[in-house]
Structure formats: C-alpha cells, structure tokens
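>>> sequence and computational prediction follow.
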Amino acid sequence: MTRPRSRDPKSVEKLTPEQRHVALENGTERPFSNEYWDNHEAGLYVDVVTGEPLFSSADKFESGSGWPSFTKPVDAEGIVEKRDFSHLMVRTEVRSAVGDIHLGHLFKDGPKVDGGLRYCMNSASLRFVPLADFEAEGYGEYRAQFETPNDGSKEGAQK
C-alpha cells in the first residue's frame, strides 16, 4: 500500500463529525470515552487522514488521563510541535507533519524512565492498525519493533 504524502481531500471527506472537529478544527474529545484510551492491542497508531505512522503501542502507557498517551512518536519527523495559548494556558500542541492535523498535546509528566514526556493524543485523530494487519496495510517494515531479538516472540502491547 502506498500511503499518501499529503492531506487527501477524499480522506478528509470520510471523517466522522467528531474526527473532523478534533483533527481539523483543533478540538478535543471526551476523556475515558474515546476509542483508544484503553486499547491494549499491539500495533501502530497512524494519522487518520494520511495513514502516516505516528505512535506505537510499544510506547503507549496508562497515564490516567483518559486519552491514549505515548512516551515518544515512531519518528520525530512525523510530528510538529507548536505553542498553544488557547484556554488561557501555555501548552505544546502536537500536529502530524504530513497531514497537518491536530493530534493532541505534549506534557512533561510522563514516565521518567522513558524520558519524562507524555504525548496525550486524541483517538479521533488516529487510526489503529493491529500488528496482524501490518503487511496487508503496508506497514510490514514496522513489525521488527514488536519482536524480541532472542526468540522472535511479540512484545506486550503497552507498558
């Protein structure tokens, strides 16, 4: 599968009203009631519009926030960080580099052992690709990060 390298109008048309609000209008979904906040399956979280890989379940952790939280992106070049002064706060917004969609915010209260960052993302801006579907969906190159070097078995979905 060839993944888009820009925001495709056809992909945008397929967004649900909530996905459109969050991803395109910088919205935020409700905590603890979004699709991936408690997903424990192994796989990749990709841009809902472009399909670009953004986060891995191997870097997902339970933050208690009610949103999917990660210690790092799959590739630092896949995201863009911007200052966000909305809601009378100073925060760091996280956007996808290729699709330029709003993903969520970056906080410095993540697990210290993993660098202390918490990428707090909106499920509505992401699409989850299970490990079992990597090859069929064109993400086979990412399979290696889910295998242990000694026996080839799969790692747990999250920390």
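It's in. Residues are numbered from 1 along each chain as shown.
>>> distance of the closest residue to Val48 other than its chain neighbours from Val113?
Excluding the flanking residues, the one nearest Val48 by CB to CB, 6 or more residues apart in numbering is Arg127, at 4.9 Å. In this view, the C-beta of every residue, glycine as well, is placed from N, C-alpha and C. Note on Arg127: its distance to Val113, by CB to CB, to the nearest Å, is 29 Å.
>>> which one of those two has more residues nearby?
The residue with more neighbours, out of Arg127 and Val113, is Arg127; 19 against 8, by other CB atoms under 10 Å.
>>> hang on, the more buried one is in a strand, isn't it?
Yes: assessed by DSSP: H, G, I helix; E, B strand; the rest coil, Arg127 belongs to a strand.
>>> so it makes contact with Leu44?
No: counting by CB atoms under 8 Å, Arg127 sits too far from Leu44 to count as a contact (9.0 Å).
>>> ok so, going back, quick one: contacts for the residue nearest to Val48?
For Arg127, the residues meeting the contact criterion (CB atoms under 8 Å, 6 or more residues apart in numbering) are Tyr45, Val46, Asp47, Val48, Gly51.
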